[in-house]
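S.K.: pasting the sequence and the predicted coordinates here, then a few questions.
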Amino acid sequence: MNADESVHLEQLMFVDDPMETNEPRVHAAWLPPEAFRSLGARRVLVHGDGLLVDTVLYEVSRACARYGGRVWHSPSWDVDVDLVFALRGADELPSSAVRAARSAGELALAEVGDGPLGDEGFLLARDGDVTVVLADAPAGLLYGLFHVVRLCAAAFDPERPPERHRPALRRRMLDHWDNVAVHPVMGQVERGYAGGSIFWRDGRPRGDLARIREYGRLLAASGVNAISVNNVNVARTEALLLTDRLGDVAEIADVLRPYHIRVHLSVTFAAPVVLGGLSTADPLDEGVRAWWAATTRTVYDRIPDFGGYVVKADSEGQPGPFTYGRDHADGANMLAEALAPLGGVVHWRAFVYNHHQDWRDRSTDRARAAYDHFAPLDGRFRTNVVVQVKFGPVDFQTREPVSPVIAAMPATRIAVELQVTQEYTGQQRHVCHLGPWWSEVLRFAPWGPDGRAVADVAAGESGAGGGLVAVANVGDDLFWTGHPLAQANLYAFGRLAWDPRRDPTAVLDEWITLTFPPSATADPDLVRRTLHEIMDDSWRTYERYTAPLGVGFMVNPGDHYGPGVDGYEYTRWGTYHFADRDGVGVDRTRASGTGFTGQYPPYWAQVYESPETCPDELLLFFHHVPYGHVLHSGSTVIQHIYDTHFAGVEEVVAMRRRWRTLNGMIDPAVYERVAERLDEQVRCATEWRDQINTYFHRKSGVPDERGRDIY
Ligand code: GCV
């Protein structure tokens, strides 16, 4: 590069840019070029070296090329700048801009206090007319860049006080349930509602690396730093990713590395048998351990920053240590031993339950299963094992209590698993903004109101926790997530994983600003207001027209979409509601039920044990009560069912009306897609309302006190 010139885009990597073509193969999600307008009009200096610094340089250069700014990389001469991105440890240069910015940054850092920036943190401060972003490590600069983008002009406000940002959770991970080969029942992506996989198609890599890179960019801008690239249900073709088809995984890792995203792989516990030709996968067998050690070394030879393995074992038909009379600690520790010398972790899922239950058996309770299997193992897992626990005891329902496992394993690294893909929350055909729900879960204090929160457990002491994981919701759909507004869930996951204390409404506001930049929107206030009106409370709206008071399921078996009140009532899956002519709900008390309440620390064990103290929204999860039972709200259970179901549909109709006011204000393709989906949401919510109300009216014989139509 000519020392007298600023950096030009074509000198940098990534010139093949999917966003720059006239006919987008994909819509730009929350980072359209317009979101970079404020940054792109500045004079920017980037100081430091390394892959991630190159990414910063590339992003800034691309924005400056579009909006008239300029960018310099570690110049040794003086330049006038508005914005400096600098690594603290990088060589000092004669450039006064770097020197001044760095010393101003150091002063600001001392002022803000509170320990080092760490390997992903950054500081943002003002030095006269210059905005300074300082980081100890390149990843911090990358996150600092996206922070500046989010702030737009506010990043250049002379009065802006210095800010330090560090992620609360070290690992912020997405699990893709993507199959390499199309599964005969589950398709290309298990529980995927956004078309095919962005990674795989019909047994092979999909081959669109530009799309994967763009995905990595979106994830980095929301704070995600790890993904697993294949389904936790590992079939024959997918098993091969560990060995013969490792190159396919490495290719993805190479593309995501510039956005600070480490790749993990779901593996089958039976790999030594199905891939290695051994006669056993017994975790205590020396030959099996040697096989895993050697195989894992090969993985790291090819992918030096490989994250580790994700394992679903002894669950829903997947193989596991039980076959050999071993327990989950034996299984997880064997893989951990192979990964430890190479810096990897094993995410071992706690989703283990009997999926061949007899519905006549009232003593077996699926909600108890994860605790019963895992709590006794606390203290036995190696330090590079993360036990990955679904946030609730059953399965990603619209409303569940927080899983008691989260509080039961103080000597184990716990990761909390959420579901961004909307398996049980409207399958990306319904607007269901999940940020408020996850925020409730993350703030929940399992030991009682004054104790640590779920997010603290996931963060662990000194950041040693397992982090936050979610099942991803993107596909090869033009809008990434099928429903364009479902993108906000992906964004919210990343931002809440970075800072679980953030107000979910503020996070949604960020997403709105980034996705519909005010400078490119006809009436930004109307767009913002309307999206908040539609989305802020949409999870509660969804809850209102689906299964009542925490009882869960009531979905159609198999695909889990739409109402099927008795769909699972006489099946082997262990998800029952026990409605009869007198009442509904599952007795999980210690006094007369399955004893599940006893899995909680004393505060909640007591609160949940009695219908008098149990929160209304979880009443039917914990208790079987008569239809006339009076809730804390003052309504009876049956009247609550009727009222919420009528209200829920009215709210969806109002959502659709509001959306129509945006016709002509935003990208017509986005407008049309959402409009279509809202029609379906109205249809489906009406079906839910009528089936649930009719079902309970017929069971109970109690009329609606307002005399509305029930069939
Ligand atoms: C990947 C639920 C889903 C399954 C999923 C499973 C899991 O049961 O319906 O599709 O399997 O959870 O989390 O492993």
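M.R.: Received the coordinates, thanks. Numbering: from 1, shown residues only.
S.K.: just checking, next helix/strand downstream of the helix or strand of the chain at the bottom of the mean pLDDT ranking?
M.R.: Least confident helix or strand, the chain: helix 96-112 with a mean of 81, by mean pLDDT, DSSP states H and E. Next helix or strand after helix 96-112 toward the C-terminus (DSSP states H and E): strand 122-127.
S.K.: may I see the buried residues of the longest helix anywhere in the chain?
M.R.: In the chain, assigned by DSSP state H, the helix with the most residues is helix 668-700. By neighbour count on 16 or more other C-beta atoms under 10 Å, the buried set for helix 668-700 is 670-671, 673-674, 677-678, 681-682, 684-686, 688-693, 695-697, 699-700. Heads up, the C-betas are built off the backbone N, CA and C, glycines and all.
S.K.: and the pLDDT for the closest residue to Tyr627 other than its chain neighbours?
M.R.: Closest residue to Tyr627 apart from its sequence neighbours, by C-beta to C-beta, 6 or more residues apart in numbering: Ile638 at 4.0 Å. Predicted confidence (pLDDT) at Ile638: the value is 98.
S.K.: what's in contact with stretch 518-538?
M.R.: With contact meaning C-beta atoms under 8 Å, 6 or more residues apart in numbering, stretch 518-538 is reached by 32, 34, 37, 430-433, 436, 485, 488, 505, 508-509, 512-513, 516, 651, 655, 658-659, 661-662, 664-666.
S.K.: show me which of those residues are buried.
M.R.: Buried among the contacts of stretch 518-538 (16+ other C-beta under 10 Å): 32, 34, 37, 430-433, 436, 485, 488, 505, 508, 512-513, 516, 651, 655, 658-659, 662, 665-666.
S.K.: restricted to helices, list these.
M.R.: 37, 436, 488, 505, 508, 512-513, 651, 655, 658-659.
S.K.: could I get stretch 73-86 in CSV with only the CA atoms?
M.R.: Taking C-alpha atoms only, stretch 73-86 is exported to CSV below (Å, rounded to 0.1, in the frame of the first residue of the first chain):
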residue,chain,number,x,y,z
HIS,A,73,-4.3,1.7,8.7
SER,A,74,-1.6,2.5,11.2
PRO,A,75,-0.2,5.5,9.4
SER,A,76,3.2,6.8,10.5
TRP,A,77,2.3,10.3,9.4
ASP,A,78,-0.2,12.7,10.9
VAL,A,79,-3.8,12.6,9.8
ASP,A,80,-6.9,14.4,10.9
VAL,A,81,-9.4,11.9,12.1
ASP,A,82,-12.9,11.6,13.6
LEU,A,83,-12.7,8.0,14.8
VAL,A,84,-9.8,5.8,16.0
PHE,A,85,-9.9,2.1,16.6
ALA,A,86,-6.7,1.1,18.4
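S.K.: buried residues in it?
M.R.: So, applying 16+ other C-beta under 10 Å, buried residues of stretch 73-86: 73-75, 79, 81-86.
S.K.: quick one: the helices in the stretch 501-650 of the chain?
M.R.: Here the stretch 501-650 of the chain has its helices, by DSSP state H, counting those that start in this stretch, at 504-515, 524-535, 538-545, 602-609, 619-622, 637-660.
S.K.: highest average neighbour count across those helices?
M.R.: Highest mean neighbour count among these (mean count of other C-beta atoms under 10 Å): helix 619-622, with a mean of 27.
S.K.: coming back round to it: could you check the angle the longest helix of the chain makes with helix 538-545?
M.R.: Angle, helix 668-700 to helix 538-545, by axes from the mean of the first three to the mean of the last three C-alpha atoms, to 10 degrees: 30 degrees.
S.K.: I'd like the distance from helix 668-700 to the chain centre, please.
M.R.: 26 Å (C-alpha atoms, centre = their mean, to the nearest Å).
S.K.: who are the packing partners of it?
M.R.: helix 538-545, helix 637-660 (3 or more C-beta pairs under 8 Å, 6 or more residues apart in numbering; DSSP states H and E).
S.K.: could I get those helices as CSV with distance to the ligand?
M.R.: Shown next, in CSV, are the helices and strands packed on helix 668-700 (distance: least, C-beta to the nearest ligand atom, whole Å):
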stretch, distance to the ligand
helix 538-545, 18
helix 637-660, 24
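S.K.: and Asp254, which of those is closest to it?
M.R.: Taking C-beta to C-beta, helix 538-545 is the member of these nearest to Asp254, at 37.2 Å.
S.K.: give the rounded mean pLDDT of the closest one.
M.R.: 98.
S.K.: using CSV, write out every CA atom in that helix.
M.R.: This file holds the C-alpha atoms of helix 538-545, laid out as CSV (Å, rounded to 0.1, in the frame of the first residue of the first chain):
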residue,chain,number,x,y,z
SER,A,538,-46.3,-10.5,21.1
TRP,A,539,-45.0,-13.4,23.2
ARG,A,540,-47.7,-12.8,25.7
THR,A,541,-50.2,-12.5,23.0
TYR,A,542,-49.1,-15.9,21.6
GLU,A,543,-49.4,-17.3,25.1
ARG,A,544,-52.9,-16.0,25.5
TYR,A,545,-54.3,-17.9,22.5
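S.K.: please enumerate the strands of the stretch 401-550 of the chain.
M.R.: Assigned by DSSP state E, counting those that start in this stretch, the stretch 401-550 of the chain shows strands spanning 413-419, 467-471.
S.K.: quick check: pLDDT value at Pro18.
M.R.: Looking at Pro18, its pLDDT is 43.
S.K.: taking the stretch 601-711 of the chain, what residue is nearest to the ligand?
M.R.: Nearest to the ligand, among the residues of the stretch 601-711 of the chain, is Phe621, at 17.6 Å (C-beta to the nearest ligand atom).
S.K.: correction: the stretch 551-700 of the chain
M.R.: When scored by C-beta to the nearest ligand atom, the stretch 551-700 of the chain has His560 as its residue closest to the ligand, at 6.5 Å.
S.K.: give the contact list for that residue.
M.R.: Shown in contact with His560 (C-beta under 8 Å, 6+ apart): 191, 423-424, 427.
S.K.: need the max-distance pair from these.
M.R.: Taking C-beta to C-beta, no two of these sit farther apart than Arg191 and Tyr424, at 9.3 Å.
S.K.: secondary structure class for the residue nearest to Gln427 when sequence neighbours are not counted?
M.R.: With sequence-adjacent residues excluded and distances taken as C-beta to C-beta, 6+ apart, Gln427 is closest to Tyr193, at 4.7 Å. Here Tyr193 is recorded as coil under DSSP: H, G, I helix; E, B strand; the rest coil.
S.K.: so Val469 bridges to which residues?
M.R.: Met173, Glu417 (DSSP bridges).
S.K.: same question, Trp72
M.R.: Leu45.
S.K.: distance-wise, check it relative to Asp127.
M.R.: 17 Å (C-beta to C-beta, to the nearest Å).
S.K.: equivalent analysis for Glu461, please.
M.R.: 36 Å.
S.K.: which of the two has more neighbours?
M.R.: Asp127 (18 against 9; other C-beta atoms under 10 Å).
S.K.: that one touches Ala101, doesn't it?
M.R.: Yes. Using C-beta atoms under 8 Å, Asp127 and Ala101 qualify as a contacting pair, with a distance of 5.6 Å.
S.K.: residues contacting Ala459?
M.R.: 168-170, 465, 467, 500 are the contacts of Ala459 under C-beta under 8 Å, 6+ apart.
S.K.: in TSV, list those residues along with distance to Met186, pLDDT and neighbour count.
M.R.: Formatted as TSV, these follow (distance: C-beta to C-beta, whole Å; pLDDT from 0 to 100; neighbours: other C-beta atoms under 10 Å):
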residue	distance to Met186	pLDDT	neighbour count
Ala168	34	97	21
Leu169	29	97	27
Arg170	31	97	21
Gly465	31	94	23
Gly467	26	97	26
Pro500	31	97	23
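S.K.: one step back: would you turn the contacts of His560 into a markdown table with distance to Tyr570 and neighbour count?
M.R.: Converted to a markdown table, the contacts of His560 look like this (distance: C-beta to C-beta, whole Å; neighbours: other C-beta atoms under 10 Å):
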| residue | distance to Tyr570 | neighbour count |
| --- | --- | --- |
| Arg191 | 24 | 20 |
| Glu423 | 22 | 23 |
| Tyr424 | 20 | 23 |
| Gln427 | 24 | 25 |
